[in-house]
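Visitor: quick one, what's the 3D model for this:
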Amino acid sequence: MTQRARAGYMLIISSIFLASEAQADTCFPPERPFLPAEIDAAREYRDLIYEDYQRYFEDFSAYLQCLDEERARAFQEGQEVSEEYRRFFDQVVKTD
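Guide: Coordinates of the predicted model:
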C-alpha cells in the first residue's frame, strides 16, 4: 500500500469515527433515591421517599430503553462501517 493510499485510508476511518461519535446518544442512569437510616425520619418523609422511588423506577425504565436503543444503533452502525470497509478494501487495496 502506498503512502498516499494509507493517508486516504486514515482520513476515511477517522471521519467515520468522528461522525459516529456525533450521532451517538448518551444514556444517563438515574440517581438513586435517598433513604434515611433513621426510622423516624423515614416515617416523617415517607410520602417524599415514595415519590422519589416512583420517579426512580420510571427513570430507570427510560434508561434501560435508551441503552437498548443505543445498542441497536451501535450494532447497525458497526455493520454499515464493516460493509464500507469491505467495499473500500475491494476497490482500493486489492488493486494496489
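
Visitor: list the contacts of Cys27.
Guide: Contact criterion Cβ atoms under 8 Å, 6 or more residues apart in numbering gives 63, 66-67, 70 as the residues in contact with Cys27. The C-beta positions use only the backbone N, C-alpha and C, and glycine is treated the same way.

Visitor: mind checking which of those residues are in helices?
Guide: The members of the contacts of Cys27 that map onto helices under DSSP state H are 63, 66-67, 70.

Visitor: re the thing from before, mind putting the contacts of Cys27 in a markdown table, neighbour count included?
Guide: Compiled in a markdown table, those are given as follows (neighbours: other Cβ atoms under 10 Å):
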| residue | neighbour count |
| --- | --- |
| Tyr63 | 15 |
| Cys66 | 15 |
| Leu67 | 13 |
| Glu70 | 14 |
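
Visitor: using a markdown table, lay out those together with pLDDT.
Guide: Conversion of the contacts of Cys27 to a markdown table gives the following (pLDDT from 0 to 100):
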| residue | pLDDT |
| --- | --- |
| Tyr63 | 98 |
| Cys66 | 98 |
| Leu67 | 98 |
| Glu70 | 97 |
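
Visitor: relative to Leu48, which of those is nearest.
Guide: The shortest gap between Leu48 and any of those belongs to Tyr63, at 21.7 Å (Cβ to Cβ).

Visitor: so Glu83 is in which element?
Guide: The secondary structure element spanning Glu83 is helix 46-88 (assigned by DSSP states H and E).

Visitor: what is that helix packed up against?
Guide: Contacting helix 46-88 under the criterion 3 or more Cβ pairs under 8 Å, 6 or more residues apart in numbering; DSSP states H and E are the following elements: helix 3-23.
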